[in-house]
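Visitor: Kindly return the folded structure for what I paste below:
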Amino acid sequence: MMANYAGVAAPASFSPVQQPDRASEGTVLREATRLLAAFAGFGAALLTFGISSNLAYASSEFGAVTYPAAVVAGLWALCLVAWSIMTMRRGVIVRVKPMVSMLSLTSMMLLGSLVHSVWISTSEASEFDATVAGALALQLIMLAAVGYLRRLGPRPTSGSLPAAKLLLGLAAAATLVSAITVPGLAATTAGDFAVPHGSHGTPADGAAVDKADLDKLEHIGH
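Guide: Numbers count the residues shown, from 1 in each chain. I've put the predicted structure just below:
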């Protein structure tokens, strides 16, 4: 005999367990990676400008042969600045293929320069160049970020981003880039002549003055 279920109450409805919004988390990671690439571009541009100034200053020792290299480095730094601005303004990675090619080429040149200065050069002044190393590290970060974004595919056209997570990613990207950029800038020729904060003006009584720095300044004045 078939049971009569007419009087049986329907099961109470229940709310599904809230699952984390993986799409939103993926979008935040995508945006944080894009910002990291742009910030790294700015940092690499600053260090490349420093390399350009180093090459221009080296012309006093090696002659005008370093001027073309200084000009090329300066132009590449301008390209990095332009690319970073467009990437931040448009919200997507721009000029992917040309940028990847140029980043790969210049990174190999920076690596060759670093290896030569540390292990191959026979000059007594050979030492680890923090400026070149910093520029190389930032360009490798750019390559990694661009490669990751290319693997993710096109950017979603809709969906809101959690502001707190996005700000956290932005702060982390800025901290990483600044931690690499600042020591690199301090190692440039301009950084050698920079006056530490709190010590502007004439040296304090009894303070030692580096004769080598004075000789450099006198040479620039001539």
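Visitor: Where is the longest helix in the chain?
Guide: helix 22-62 (DSSP state H).
Visitor: now for it, which elements pack on it?
Guide: Contacts defined by 3 or more CB pairs under 8 Å, 6 or more residues apart in numbering; DSSP states H and E place helix 22-62 against helix 67-90, helix 130-152, helix 163-186, helix 189-192. From N, CA and C alone the C-beta is placed, and that goes for glycine too.
Visitor: Just give me the neighbour total for the closest residue to Phe128 other than its chain neighbours.
Guide: Nearest non-adjacent residue to Phe128, counting by CB to CB, 6 or more residues apart in numbering: Val118, 5.6 Å away. By other CB atoms under 10 Å, the residues close to Val118 number 14.
Visitor: Same question for Gly153.
Guide: A total of 8 residues lie near Gly153 under the criterion other CB under 10 Å.
Visitor: mind checking how far it is from Arg30?
Guide: Gly153 sits 10 Å away from Arg30, going by CB to CB, to the nearest Å.
Visitor: again with Leu167
Guide: Counting by CB to CB - Leu167 and Arg30 are separated by 15 Å.
Visitor: Could you do Ala130 as well?
Guide: 31 Å.
Visitor: and what of Ala77?
Guide: Distance, Ala77 to Arg30, using CB to CB: 27 Å.
Visitor: now swap in Ala58 and tell me
Guide: Using CB to CB, Ala58 is found at 42 Å from Arg30.
Visitor: Could you report the neighbour count for the residue nearest to Leu80 when sequence neighbours are not counted?
Guide: Leaving aside its chain neighbours, Leu80 sits nearest to Ala45 (3.8 Å; criterion: CB to CB, 6+ apart). Other residues near Ala45 come to 23 when the count uses other CB under 10 Å.
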